[in-house]
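Asker: compute the structure for the input listed below.
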Amino acid sequence: MKILHVCNDFAGSKVHTNLVRKISEHDNVRQIVYCPVRNKKLIGGNKFETDKVEFYYSFVIKPFYKYFYHHKINVMFNDASSIIDFKNIDVIHATTLFSDGGIALKIHEKYDIPFVVAVRSVDIEFFAKIQPHLWTTGRKILAKAQKIYFISPALRDEFKNLRMVRPVLKKIEHKFILRTNGIDDFWIDNIRKEHTSGHKIIFVGQLIKRKNLSRLIDSVKKVRTISQFSDTVLEVVGGGSDMKTWRQINSNCDFVEYKGIIKDKNLLMKALRNNALFAMPSIHDTFGLTYLEALSQQLPVIYTKRQGIDGLFEDKNNPVGIAVNPLSVDEIAEAIKAILTNPNIYSNRQVDFSMFNWNNIADKYISDYEEVIK
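Answerer: Predicted coordinates for the structure are as follows:
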């Protein structure tokens, strides 16, 4: 079986690399990764040594392409056609609905190769919500795809309610599959059962506006005005394009401890275990692996309503944390107070971490590919 992954973010995302790597460990499976990039520095990103995967990186994406979708798709299709022999491909996996799915659709139309497609946050926020001129194309991709993947219930439910999707939902809903991302085996091998007491909160994520750190800081500041929580501290782990802004904010907040980027998993695990609560009320989050890493270390989590992991854990008797409106400082503050007051109510007891094991996830995808080919 030979699989073509059309993945414009392969060079920038460990998620896709982990899947391709785990699939490559199976016998009788060969893979091709086609990764168009917008920056030459990304060429070769996340490539790993193996004789069972062919990697093709192309510097073909120009900044203005985001305004000319069909031109972008035609350019990338022609580029892929010039370097890949499609006649030997059994199935195509497009990792986004519009950018990758558009290429998969053109290959399917010319070579009759079946394809599966994943829907991600960018498909909803950047394409489906604000570019109605692309709805016809989006619906055609959905109609022709054999399977349609979602990595969270929240993303799936939001997608169902889109104006683009509602008219065709009954025709495509049977193809919807919930398939989460995985976490590194390190976290599954080091699952913790004990709580950490105290009033220390940790944020682990990119320092970008979408991660909403400024409102989290304001929420902690509000909580600290209550005498019971006056010793509350926020530990920030991460780096990113807005790091200078966050440093300016933090310079006026003696309760914020900036730890920088922590790449060593053992050090990150130690940091998580030294805190009583994980909070990241992102504005938009497709999934958020850091929530799961925190849960593996028995930290309750504050996450975003109708985003990321919301809806993934349904046992109300064993909640993993509290979902909040990310735009409400008051709501985030109330969630912090509720968890710090009764931390033992929240736990990872209901989490089946095997569903986030990359080996198990890869097995399921391979079964799907086989089914599609048959």
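Asker: secondary structure class for the residue most central in space within the chain?
Answerer: With distances taken as Cα atoms, centre = their mean, Phe287 lies nearest the centre of the chain, 3.9 Å away. Three-state call for Phe287 (DSSP: H, G, I helix; E, B strand; the rest coil): coil.
Asker: count the residues that sit near the nearest residue to it once chain neighbours are set aside.
Answerer: Nearest residue to Phe287 in three dimensions, chain neighbours excluded: Ile151, at 4.8 Å (Cβ to Cβ, 6 or more residues apart in numbering). From N, CA and C alone the C-beta is placed, and that goes for glycine too. If you count neighbours by other Cβ atoms under 10 Å, Ile151 ends up with 22.
Asker: with Thr136 instead?
Answerer: Other residues near Thr136 come to 10 when the count uses other Cβ under 10 Å.
Asker: and it, helix, strand or coil?
Answerer: helix.
Asker: am I right that the residue nearest to Phe287 is in contact with Thr96?
Answerer: No. Using Cβ atoms under 8 Å, Ile151 makes no contact with Thr96, being 11.7 Å away.
Asker: shared neighbours, those two?
Answerer: Counting by Cβ atoms under 8 Å, 6 or more residues apart in numbering, the residues touching both Ile151 and Thr96 are 118, 120.
Asker: give me the distance from the helix or strand hosting Leu340 to the chain's centre.
Answerer: Here Leu340 sits within helix 329-341, counting by DSSP states H and E. Here the centre of helix 329-341 is set off from its chain's centre by 25 Å, with Cα atoms, centre = their mean, to the nearest Å.
Asker: can you list contacts of that helix?
Answerer: Contacts of helix 329-341 (Cβ under 8 Å, 6+ apart): 199, 201, 215-216, 218-220, 222-223, 226, 228-229, 232, 276-277, 279, 281, 300, 302, 321-322, 324-326, 345-346.
Asker: apply the buried test to the residues you listed and list what passes.
Answerer: Buried subset of the contacts of helix 329-341 (neighbour count, 16 or more other Cβ atoms under 10 Å): 199, 201, 215-216, 218-220, 222-223, 229, 232, 276-277, 279, 281, 300, 302, 321-322, 324, 326, 346.
Asker: in strands only, show me these.
Answerer: Of the buried ones among the contacts of helix 329-341, the ones assigned to strands by DSSP state E are 201, 277, 279, 302, 321-322, 324.
Asker: show me the helices in the chain, by range?
Answerer: 14-24, 69-83, 99-111, 121-122, 135-144, 153-160, 169-172, 185-189, 213-223, 243-250, 265-273, 289-296, 329-341, 358-373 (DSSP state H).
Asker: among those helices, which gets the worst mean confidence?
Answerer: Within these, the stretch with the lowest mean pLDDT is helix 243-250, showing a mean of 65.
Asker: what residues of stretch 353-373 count as buried?
Answerer: Going by 16+ other Cβ under 10 Å, stretch 353-373 has these buried residues: 353, 356-358, 361-362, 365-366, 368-369, 372.
Asker: could those residues go into a markdown table alongside distance to Lys265?
Answerer: Below are the buried residues of stretch 353-373 laid out as a markdown table (distance: Cβ to Cβ, whole Å):
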| residue | distance to Lys265 |
| --- | --- |
| Phe353 | 16 |
| Phe356 | 15 |
| Asn357 | 16 |
| Trp358 | 15 |
| Ile361 | 19 |
| Ala362 | 21 |
| Tyr365 | 25 |
| Ile366 | 27 |
| Asp368 | 30 |
| Tyr369 | 31 |
| Val372 | 35 |
